[in-house]
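Undergrad: missing the sequence, but the structure's below:
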């Protein structure tokens, strides 16, 4: 795994100087983050701005990955985002970037209002936005990037503990399982895991072998282990499964 420093098209000289130092020390180049314009967002950087940024980090375009951040995606916003992303792919022109990645997120801000004790499908609008672009873009489609089972914006800190939940990626949707808090601690998560593992439409045929997260879910379904874990562990298991599903689909079908 290679970690790259990121310089934003909207950042000042100090972050750019830090990126230049990191790129010089590690030799892996950097990423240029450009926000896709939306309501209240700044315009796409012009050619002069890009030249200035590249000079400030002392890198050539071939050493830099272009990271297009489309932000949150909803059903209504996806249609409006598509032409903006296509415009962003052509601006700035004439740059042989090392790579181009389109990233966005579509998971809800929180699970308020979700039904309990059953799975609720949530459309993966970020993946659908990527497909819209891949179908319309005449060049090589950008790489796919998303924020998994997390909303793109940091939510306000909530009070109390969340109900046991699992944000489970299944193809073009997430299946969101939420349990009412009836048992002591987080023990309802054991029941949630058992429901998921015994649900053929959602539990993959590869089962626990799908990912580290699925292995842990199967353990909890069989009540192997004394503790069900908390929100951080649930999110880690869901993210592990999400990454496995997306990587597998990209390798097999070329779509996230």
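TA: Ah, there it is. Given the structure is predicted, the values throughout are model-derived calculations rather than measurements. Numbering: from 1, shown residues only.
Undergrad: Every contact and neighbour count from this point should use C-alpha atoms.
TA: OK.
Undergrad: Contacts for the host helix or strand of residue 70 next, please.
TA: Under the criterion of DSSP states H and E, residue 70 resides in strand 64-72. By CA atoms under 8 Å, 6 or more residues apart in numbering, the surrounding residues in contact with strand 64-72 are 29-37, 81, 85, 88, 97-106, 151-153.
Undergrad: May I see the ChimeraX selection of the buried members of these?
TA: A single ChimeraX command selects the buried members of those (16 or more other CA atoms under 10 Å):
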select :29,30,31,32,33,34,35,36,37,81,85,88,100,101,102,103,104,105,106,151,152
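Undergrad: Among the contacts of strand 64-72, which ones are in helices?
TA: Among those, the residues falling in helices (DSSP state H) are 81, 85, 88.
Undergrad: Residue 45 versus the first one, what's the distance?
TA: As defined by CA to CA, to the nearest Å, residue 81 lies at a distance of 17 Å from residue 45.
Undergrad: can you check residue 91 too?
TA: Taking CA to CA, one finds residue 91 at 8 Å from residue 45.
Undergrad: Repeat that for residue 36.
TA: 10 Å.
Undergrad: For the residue nearest the centre of the chain, which non-adjacent residue is spatially closest?
TA: By CA atoms, centre = their mean, the chain has its centre lying nearest to residue 147, at 1.6 Å. In this structure, residue 147 finds its nearest non-sequential neighbour in residue 105, 5.3 Å apart by CA to CA, 6 or more residues apart in numbering.
Undergrad: what's that neighbour in contact with, if anything?
TA: With CA under 8 Å, 6+ apart, residue 105 has these contacts: 70-73, 125-126, 146-148, 150-152.
Undergrad: Show me what it bridges to in the sheet.
TA: Here residue 105 sits in beta bridges with residue 72, going by DSSP bridges.
Undergrad: Please read off the pLDDT at it from the model.
TA: At residue 105, the predicted lDDT confidence score is 95.
Undergrad: shouldn't the residue nearest to the centre of the chain be in contact with residue 108?
TA: No: at 11.4 Å, residue 147 does not count as touching residue 108 under the criterion of CA atoms under 8 Å.
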